[in-house]
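Student: model this:
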Amino acid sequence: PALPVGQDEPSSPLVSGASTEASPPPKKRQYSQREREAVCQAAWERRKEREAKRRLQEEEKERKRALAETLKAQRPGECQKYITVVLDPALLQVEGGEQILRALEAANYSCVVENQAVPCSITWRRKTVSSQMGDERTEELNVLVLLGLGEFLSMAQKGQKMTLQSYVAHVMEKLPGKILALAVVGVENYFRSLRVQSKQRLQQAAAPGNQEEQRKGRKRKIKDSGLELTRMDMEEALVDLQLCTQVQVSFFDSCEELGEYATMFTKAVAEAPFKREREDTGFSFYLEKRWCGGVKVDHSGKGLLKVWNRQIQQFNRVSPAMAEAIVSAYPSPQLLIQAYGKCSSDQERENMLANIPVHRGEGVTATSRRIGPELSRRIYLQMTSHNPDLRLDLTG
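Tutor: From the prediction side, this is the model:
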């Protein structure tokens with residue numbers, strides 16, 4: 001019988017008996033020996049790169065840690081912990097040595113007693129932190145030597161076999177490359193005693209009936225004249241020493257002052273690396289300390305006038321009063337450039353600032369002068385020239 005319209009014939013089975021079987025799994029690729037070796041080599045190279053990268057990161061981390069510790073060890077208050085004061089045994093046997101040791105220990109400095117190349121000398125060692133070799137100790141360049149009063153007076157006299165210069169040369173042969181400083185206690189007391197003795201001799205000479213004593217006194221004076229040193233002789237010897245060797249001698253009235261000086265000297269040695277780092281501005285010229293921090297300028301522009309003032313002061317031979325006068329007349333560089341543009345000739349521009357008055361002092365001591373054509377020309381060239389090699393001041 002016919003099917004009704006719109007109805008489909010019954011579907012026949014779609015899967016036959018032959019199609020019911022599962023398809024075989026794909027075969028795995030067989031790698032050759034060379035390919036397997038290449039894969040292993042690549043994996044080993046990647047592992048090696050990761051280990052090298054990790055090692056570099058660890059070394060960089062250790063380097064930064066050591067640098068941070070080094071910088072911390074240089075700061076005031078911390079650097080004293082890394083300094084060891086080395087005293088010669090002979091120093092403790094002379095006058096002033098005990099006071100030096102007591103003062104250093106009171107300031108919490110580490111002190112050791114060891115034989116030095118120069119008797120009665122003080123040297124310093126600094127503990128440094130190294131990531132490769134651990135803690136190291138380096139010798140500082142400074143050396144402080146305590147001279148006895150009699151030894152100093154003898155070397156300061158003219159015509160002596162051992163002079164101050166020859167003594168310093170002898171010390172520098174033992175300590176090449178070191179920075180030497182000398183200290184002496186009791187020089188002023190020596191000169192005071194000479195004045196007292198001179199007054200006593202004058203009083204005795206003025207007394208009647210002392211002609212025989214005067215004659216004996218003259219003989220004693222001639223005999224002892226080799227032991228007396230005048231202040232003029234000492235000053236001449238010190239000037240010669242400083243000019244020829246750049247070594248200075250410090251004098252102290254008491255052993256306590258010497259101990260304080262040794263403590264301050266040690267502090268200066270300890271803080272020297274920090275101060276050198278702080279003063280290293282990267283400029284080839286001296287930069288005044290108060291300029292290092294610059295001038296603070298807020299978002300409203302407050303502080304720009306001071307920046308302009310300091311920029312003017314950077315010219316050679318410009319005082320703060322001169323800079324203040326120029327800034328008062330032209331409060332900004334743009335105003336100065338605009339004023340130059342209104343001039344009709346270069347000569348007029350060069351002399352535009354010459355007649356600005358500069359007032360110094362107050363009251364009856366007040367004085368007044370002008371900026372002058374020379375500075376006016378230099379400022380004009382600096383503000384308008386495009387030549388980077390132009391010398392503004394041929395005399396400075």
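Student: what about stretch 336-347, distance to the chain center?
Tutor: 45 Å (C-alpha atoms, centre = their mean, to the nearest Å).
Student: Report the rounded mean pLDDT for it.
Tutor: If you average the pLDDT over stretch 336-347, you get 93.
Student: If you count neighbours, what's buried in that stretch?
Tutor: Within stretch 336-347, the residues scored as buried using 16 or more other C-beta atoms under 10 Å are L336, Y340. For every residue, glycine as well, the C-beta is placed using N, CA and C.
Student: neighbouring contacts of that stretch?
Tutor: By C-beta atoms under 8 Å, 6 or more residues apart in numbering, the residues outside stretch 336-347 that reach it are Y330, R349, M352, I379, Y380, M383, T384.
Student: Kindly report the same for stretch 115-125.
Tutor: 83-91, 94, 97, 100, 137-140, 142-148, 171, 174-175, 262, 265-266, 269-270.
Student: Return the subset of these lying in helices.
Tutor: Counting by DSSP state H, the contacts of stretch 115-125 place G97, I100, V171, K174, A262, F265, T266, V269, A270 in helices.
Student: Please identify which pair of those lies farthest apart.
Tutor: K174 and A270 (24.3 Å; C-beta to C-beta).
Student: Tell me the buried residues within the contacts of stretch 115-125.
Tutor: Here, 16+ other C-beta under 10 Å leaves 83-88, 91, 94, 97, 100, 140, 142-147, 171, 175, 262, 265-266, 269-270 buried among those.
Student: one step back: now the buried members of the contacts of stretch 336-347.
Tutor: In those, the ones that pass as buried (16+ other C-beta under 10 Å) are Y330, R349, M352, I379, Y380.
Student: Closest one of those residues to R65?
Tutor: I379 (50.2 Å).
Student: Checking the closest residue to that closest one other than its chain neighbours next. Helix, strand or coil?
Tutor: Among residues not flanking I379 along the chain, L353 sits closest, at 6.1 Å (C-beta to C-beta, 6 or more residues apart in numbering). Here L353 is coil, with the state taken from DSSP: H, G, I helix; E, B strand; the rest coil.
Student: neighbours around L353, how many?
Tutor: 25 (other C-beta atoms under 10 Å).
Student: Test my guess that it contacts V327.
Tutor: No - using C-beta atoms under 8 Å, L353 is not in contact with V327, being 11.2 Å away.
Student: Can you classify P119 by secondary structure?
Tutor: Assigned with three-state DSSP, P119 falls in the coil class.
Student: Would you quantify the distance from it to E98?
Tutor: 16 Å (C-beta to C-beta, to the nearest Å).
Student: which element is the most centrally placed residue in the chain on?
Tutor: Taking C-alpha atoms, centre = their mean, the centroid of the chain lies closest to R276, which sits 1.4 Å from it. R276 belongs to helix 255-279 when assigned by DSSP states H and E.
Student: show me where the stretch 1-150 of the chain has strands.
Tutor: 83-87, 110-113, 121-130, 134-139, 142-147 (DSSP state E, counting those that start in this stretch).
Student: Pick out the shakiest of the ones you listed, pLDDT-wise.
Tutor: Going by mean pLDDT, the lowest-scoring of those is strand 134-139, which has a mean of 77.
Student: number of nearby residues for V185?
Tutor: 25.
Student: Assess the claim that it and L258 are in contact.
Tutor: Yes - in this structure, V185 is within contact of L258 by C-beta under 8 Å, at 5.4 Å.
Student: where do the contact lists of the two overlap?
Tutor: With C-beta under 8 Å, 6+ apart as the test, V185 and L258 both reach G96, L146, F252.
Student: Read off the pLDDT value for the first one.
Tutor: Pointing back at G96 there. The model's pLDDT for G96 equals 92.
Student: Next one: it relative to T384, how far apart?
Tutor: For G96, the distance to T384 - C-beta to C-beta - is 65 Å.
Student: How about the last one?
Tutor: The span separating F252 from T384 equals 59 Å under the rule C-beta to C-beta.
Student: do the same with V249
Tutor: Following C-beta to C-beta, the distance that separates V249 from T384 is 54 Å.
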